[in-house]
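Visitor: everything below, folded, please.
(chains A and B)
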Protein chains: 2
Amino acid sequence: MTAIDHVVHVALGERAYDILIGPGLIAEAGKILAERFPGRRYGIVTDDNVARTQLPLLVAGLEAAGLDYAVITVPAGEGTKSYQMLESVVEGLLAARLERGDLVIALGGGVIGDLAGFAASITRRGMDFIQMPTSLLAQVDSSVGGKTGINSPHGKNLVGAFHQPLLVLADLSALDTLDRRQFAAGYAEVAKYGLIDDPEFFDWLDAHLDEIFSGGPARGEAVARCCAHKARVVIEDEKEQGVRALLNLGHTFGHALEKDTGYSDRLLHGEGVSIGMVLAHRYSTRQGLAPGQDAGRVEAHLKRAGLPTTLGDIAGTLGSTDTLMAAIAQDKKVQRGALTFILTRGIGQAFIEKNVDPATIRSFLDEMRGQ
Amino acid sequence: MTAIDHVVHVALGERAYDILIGPGLIAEAGKILAERFPGRRYGIVTDDNVARTQLPLLVAGLEAAGLDYAVITVPAGEGTKSYQMLESVVEGLLAARLERGDLVIALGGGVIGDLAGFAASITRRGMDFIQMPTSLLAQVDSSVGGKTGINSPHGKNLVGAFHQPLLVLADLSALDTLDRRQFAAGYAEVAKYGLIDDPEFFDWLDAHLDEIFSGGPARGEAVARCCAHKARVVIEDEKEQGVRALLNLGHTFGHALEKDTGYSDRLLHGEGVSIGMVLAHRYSTRQGLAPGQDAGRVEAHLKRAGLPTTLGDIAGTLGSTDTLMAAIAQDKKVQRGALTFILTRGIGQAFIEKNVDPATIRSFLDEMRGQ
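Guide: Presented below is the predicted three-dimensional model:
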């Protein structure tokens, strides 16, 4: 079955683009691209895993539509967001003799979208690119909004560019091939939209959680509502000088935990965000900002989704609180030495707090380690 | 003596900035920056050579103004525009804990401006930067207009970003420390502005050549006129989708020659441009487009400036014509397989020709090699 169930328009002026959502879109991409962007060549960037599952569908469609393409495959995993792989992708695009007017396709999860989008933004000083997100996380979050980049030894996503895609194709069929852990990790970002400023959406998620996980129509609706939410935020604040920072709910804690676990399978990005969101709610409760029952509801909901919610849920031994604090201090959201966190007054009432006292975070983390 | 002799405003809307031109500006930079950008920290990127000559002046001024800074030094030379040095500068900026609102200073010639500007554009997804060009080439060309980048094994400047500086300080005193060869190489870009569309400027240059080389007032005026010219072009076509390509006069041949000589001291960038401009005029004459006497005048003028003007002027053995043609075909200005060149109808009458037949270029190069 192929159908464009939902279209979300990201109204960014001369950088405006559409997000098409529906089943079978990767297989249909050849037709869609031939119609929208006649006369272009394509450089497909994907990873080992997606090359086995989705690439054959894409390639068959491109060939049926008579489109010319090259494929660049990189290893799967967060470690691929490195300087070395960036160079490898850029050189691959140049070796394929792609020209400035040709298009890069990012076929894969968040890692591929971030890496390929960044590579496109710097190849020949800027090529356009198309996101074809194959993970839930990429469909509802990273493929929309133009944040691209790689990781530095100093921290995650510290090197990159704002580079909006020309089109996003979110193929719901691709989600059927995800294992439950990957799907749940992506779901953390779905829940996040409710927690930021949409308590009604959080209630709806609570009521439709099983259907979303089992692949019913609520899944497509959830993806579309998340994309629409993200689009609104990006339109309002493309370069994250204000409200866009709310999308980082749970991410400052989460990034520190990801760094501490070596960006490895010990903790997927969405899992770090899940724990980070629970920590943000709990910390807000400790500070007398949010009702304790909301923190409990958030934790229960994420647990139901199969997500880790406490530091103790992370396999292996965590680094010291000092190590975690150093990672937090290096986060991009630090300004003039003060810590910035997304805190909350309750479900759907997140806000940006730029003057968080490092000492209170440190003692809070110490306490949380014991649990 | 310190004086802002000329101010050129680059009216690019929210990316607008000033170019300040005069003697002693590097020593005065601390004062200027403290006034224009209060409360920022600075990451100075420079090379070994400039670190000896100009850096002490800059640092003394920053310290006198009470500004906090870090210094990142890289080797001098075109080889520094590499992936490896890019990573090294970005990691240096992160290690110095510079934040998104802090500023990068590119203190040096074109290589440093390109490298540091590109590093700034991708560090924390975009930091602002200030150009302090110390070579004539950088002052009249590369520091203005926001083209930044590094070289690829596939060709020059194939990896980079459009990233406009926040301010350009062109210190005329810095030019006094250049050796004659470096100064002459930069002068090729000065002459280029006359050759593109300003025959009156070319006549003026012909009359003031000695004064420009000896450091009289005509030198500052030449720098200011070039900056104003470039600013006009950049305002009209920031991302080189049209007329900005005229600034590449001589550059397609020049880049191929630079690549062939390994981006080494065998041929400086401006020297490649000098030969390239003569070739563009001669080729245009062969095609019946431009009068032969104009090509002769261009060659004589550049020779008077001490610049190489023929393939035979390059030390050592050049690669085959096939090799040169391959480099030309990989140039960014290639579109849909056809060769794009900047040709001319005479001095000050350059134009973009998108349908140059590779076979005529090949036989022209074969012929030129014999001379």
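
Visitor: tell me the confidence at the residue lying farthest from the centre of chain A?
Guide: Distance to the chain centre peaks in chain A at A:Gly66, reaching 32.0 Å (criterion: C-alpha atoms, centre = their mean). Per-residue pLDDT puts A:Gly66 at 97.

Visitor: which of the three states applies to it?
Guide: coil (DSSP: H, G, I helix; E, B strand; the rest coil).

Visitor: ok, and the closest non-adjacent residue to it?
Guide: A:Ala34 (7.1 Å; C-beta to C-beta, 6 or more residues apart in numbering or on different chains). For the C-beta atoms, the positions are set from N, CA and C on the backbone; glycine is no exception.

Visitor: look up which helix or strand that neighbour falls in, please.
Guide: helix A:25-36 (DSSP states H and E).

Visitor: mind listing what's buried along stretch A:142-161?
Guide: A:142-152, A:154-161 (16 or more other C-beta atoms under 10 Å in any protein chain shown).

Visitor: so which of those residues belong to strands?
Guide: A:147-152, A:155-161 (DSSP state E).

Visitor: show me which residues of chain A sit near chain B.
Guide: For chain A, the residues in contact with chain B (C-beta under 8 Å from any C-beta of the partner chain) are A:39, A:83, A:87, A:90-91, A:94-95, A:97, A:99-101, A:118, A:121-126, A:147, A:149, A:152-155, A:157-162, A:239, A:330, A:332, A:334-336.

Visitor: pLDDT at the residue of the stretch 151-300 of chain A found nearest chain B, what is it?
Guide: Closest approach between the stretch 151-300 of chain A and chain B, counting by C-beta to the nearest C-beta: A:His154, at 4.3 Å. At A:His154, the pLDDT value in this model is 88.

Visitor: what's near enough to touch the residue nearest to it when sequence neighbours are not counted?
Guide: Leaving aside its chain neighbours, A:His154 sits nearest to B:Leu94 (4.3 Å; criterion: C-beta to C-beta, 6+ apart). Taking C-beta atoms under 8 Å, 6 or more residues apart in numbering or on different chains, we find B:Leu94 in contact with A:152, A:154-155, A:158, A:330, B:123-124.

Visitor: what do you get if the cut-off is 10 Å, keeping everything else the same?
Guide: With contact set as C-beta atoms under 10 Å, 6 or more residues apart in numbering or on different chains, B:Leu94 has these partners: A:152-155, A:158-159, A:330, B:43, B:123-124.

Visitor: could you do A:Ala76 as well?
Guide: A:46-51, A:108-109, A:111-112.

Visitor: repeat that for A:Thr261.
Guide: Applying C-beta under 10 Å, 6+ apart, the residues near A:Thr261 are A:267-268, A:271-272, A:314-319.

Visitor: likewise for A:Gln330?
Guide: When contacts are counted by C-beta under 10 Å, 6+ apart, A:Gln330 touches A:152, A:154-156, A:158, A:255-256, A:259, B:94, B:97.

Visitor: and those residues as TSV, adding distance to A:Thr285?
Guide: Output for the contacts of A:Gln330, formatted as TSV (distance: C-beta to C-beta, whole Å):
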residue	distance to A:Thr285
A:Ser152	33
A:His154	31
A:Gly155	27
A:Lys156	27
A:Leu158	31
A:His255	22
A:Ala256	20
A:Lys259	25
B:Leu94	34
B:Arg97	31
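
Visitor: for the closest residue to A:Asp47 other than its chain neighbours, give me the pLDDT.
Guide: Spatial nearest neighbour of A:Asp47, excluding adjacent residues (C-beta to C-beta, 6+ apart): A:Ala76 at 4.1 Å. Per-residue pLDDT puts A:Ala76 at 94.

Visitor: how about the one 4 residues further on?
Guide: Per-residue confidence at A:Thr80 stands at 95 (pLDDT).

Visitor: so it sits against A:Val89, correct?
Guide: Yes: checked against C-beta atoms under 10 Å, the pair A:Thr80 and A:Val89 is within contact range at 9.3 Å.

Visitor: settle it for me: which of the two has more neighbours?
Guide: When A:Thr80 and A:Val89 are compared for neighbours, A:Val89 comes out ahead with 26 against 23, by other C-beta atoms under 10 Å in any protein chain shown.

Visitor: how far does the helix or strand harbouring the more buried one sit from the chain's center?
Guide: Assessed by DSSP H and E, A:Val89 sits inside helix A:83-95. Put simply, helix A:83-95 sits 22 Å off its chain's centre (C-alpha atoms, centre = their mean, to the nearest Å).

Visitor: show me what counts as buried in that helix.
Guide: A:83, A:85-94.

Visitor: wait, what's in contact with A:Tyr263?
Guide: Applying C-beta under 10 Å, 6+ apart, we find A:Tyr263 in contact with A:77-82, A:111, A:151, A:156, A:255, A:269, A:272.

Visitor: filter the residues you listed down to just the ones in helices.
Guide: The helices, defined by DSSP state H, take in A:111, A:255, A:269, A:272 from the contacts of A:Tyr263.

Visitor: with respect to B:Ala3, which of those is nearest?
Guide: A:His255 (48.7 Å; C-beta to C-beta).

Visitor: just give the nearest non-adjacent residue to the closest one, would you?
Guide: A:Lys156 (5.0 Å).

Visitor: ok, which stretches of the stretch 51-200 of chain A are strands?
Guide: Using DSSP state E, counting those that start in this stretch, the strands found in the stretch 51-200 of chain A span residues A:69-74, A:103-108, A:128-133, A:147-152, A:155-162, A:167-171.

Visitor: do you know which of the ones you listed lies nearest B:Ala27?
Guide: Once the strands of the stretch 51-200 of chain A are compared by C-beta to C-beta, strand A:155-162 is nearest, at 33.0 Å.

Visitor: the closest one - contacts with which helices or strands?
Guide: In terms of contacts (3 or more C-beta pairs under 10 Å, 6 or more residues apart in numbering or on different chains; DSSP states H and E), strand A:155-162 is packed against helix A:83-95, helix A:110-122, strand A:147-152, helix A:251-260, helix A:321-329, helix B:83-95, helix B:110-122.

Visitor: ok, how many other residues are close to the residue nearest to A:Ala184 when sequence neighbours are not counted?
Guide: In space, and not counting its chain neighbours, A:Ala184 is closest to A:Gly306: 4.4 Å by C-beta to C-beta, 6+ apart. Residues lying near A:Gly306 (other C-beta under 10 Å) number 15.

Visitor: surely A:Gly306 touches A:Arg181?
Guide: Yes: A:Gly306 lies in contact with A:Arg181 (C-beta under 10 Å); the separation is 7.5 Å.
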